[in-house]
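Asker: sequence plus predicted model, see below.
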Amino acid sequence: SSNGGAAQMLPAASKRTILTTAGTGAPPSALSFDATSLESSLPATTLALFGNNATDRANLINYLRGDRSLEARAGTSNPYRRRMLWDTTGTVTALGDFVHSVPLYHNGMVYAAANDGMLHAIDGRDGTAGGVEEFAFIPNAVFDNLHELAEPGYMHRYYVDGTPTITDAYLGSWKTVLAA
């Protein structure tokens, strides 16, 4: 996109569409990755991965969604890691790095797996919408370690780092599916 790319065009934390699953059912149903939805849908043992109480959990979930208000800065006692600059534009972004993932273009969308724990779907068209994240998906398999992304002493690790692929799968009937 001529607009600068997905890192600069990431929607505000509260405006992002981020989905996950509770991990049950066949197939599991989509669940919004926000504090209210997770509090009402996840078992207590899974919720504990995000904090000891509802406030702590909401703060971490909001940070993971891209909220920068509790990032550590000089003169503050804010608890979360300060995100790094991605490029020469001075943009600080919640978009994770793509180390081994090769983006996949399909039907006007770019799919890329990142080490922020998310598979991102980014509008791949030219024009004003190009480069904007349409949605992201967090597999519940990375829940155990997502809190590490917020730790001030964070050491890089690979979360959702595989290259996405599109294939056909029989799920009661034939469907085209995206996997990463």
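Answerer: Good, I have the coordinates. Quick caveat, the model's predicted, so the values are computed rather than measured.
Asker: show me the contacts for the residue most central in space within the chain.
Answerer: Centroid-nearest residue in the chain: Met118, 3.6 Å away (criterion: CA atoms, centre = their mean). Going by CB atoms under 8 Å, 6 or more residues apart in numbering, Met118 touches 18, 96, 136-138, 159-160. Bear in mind the C-beta positions are built from the backbone N, C-alpha and C, glycine included.
Asker: all helices for this protein, in order.
Answerer: With helices called from DSSP state H, the chain shows them at 6-9, 35-41, 44-47, 54-65, 143-146.
Asker: I'd like to know how many residues surround Ser173.
Answerer: 5 (other CB atoms under 10 Å).
Asker: ok, the one 4 residues further on next?
Answerer: Burial of Val177, expressed as a neighbour count using other CB under 10 Å, amounts to 11.
Asker: pLDDT weak spots in the protein?
Answerer: Applying pLDDT under 70 to the chain flags the ranges 1-4, 23-27, 85-91.
Asker: in it, which spans are strands?
Answerer: 18-21, 30-32, 104-106, 109-113, 119-123, 133-137, 165-170, 174-179 (DSSP state E).
Asker: and of those, who's closest to Phe50?
Answerer: Closest approach to Phe50 among these (CB to CB): strand 18-21, 11.6 Å.
Asker: from Gly108, how far out is Gly127?
Answerer: Gly127 sits at a distance of 11 Å from Gly108 (criterion: CB to CB, to the nearest Å).
Asker: which residues does Arg68 contact?
Answerer: Going by CB under 8 Å, 6+ apart, the list of residues near Arg68 reads 13, 83, 92, 94.
Asker: got a markdown table for those residues, with distance to Arg65 and neighbour count too?
Answerer: As requested, the contacts of Arg68 are exported to a markdown table (distance: CB to CB, whole Å; neighbours: other CB atoms under 10 Å):
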| residue | distance to Arg65 | neighbour count |
| --- | --- | --- |
| Ala13 | 4 | 18 |
| Arg83 | 13 | 19 |
| Val92 | 15 | 13 |
| Ala94 | 7 | 22 |
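Asker: from those, which is closest to Pro43?
Answerer: Using CB to CB, those come closest to Pro43 at Ala13, 25.1 Å.
Asker: show me the contacts for that closest one.
Answerer: 62, 65-68, 94.
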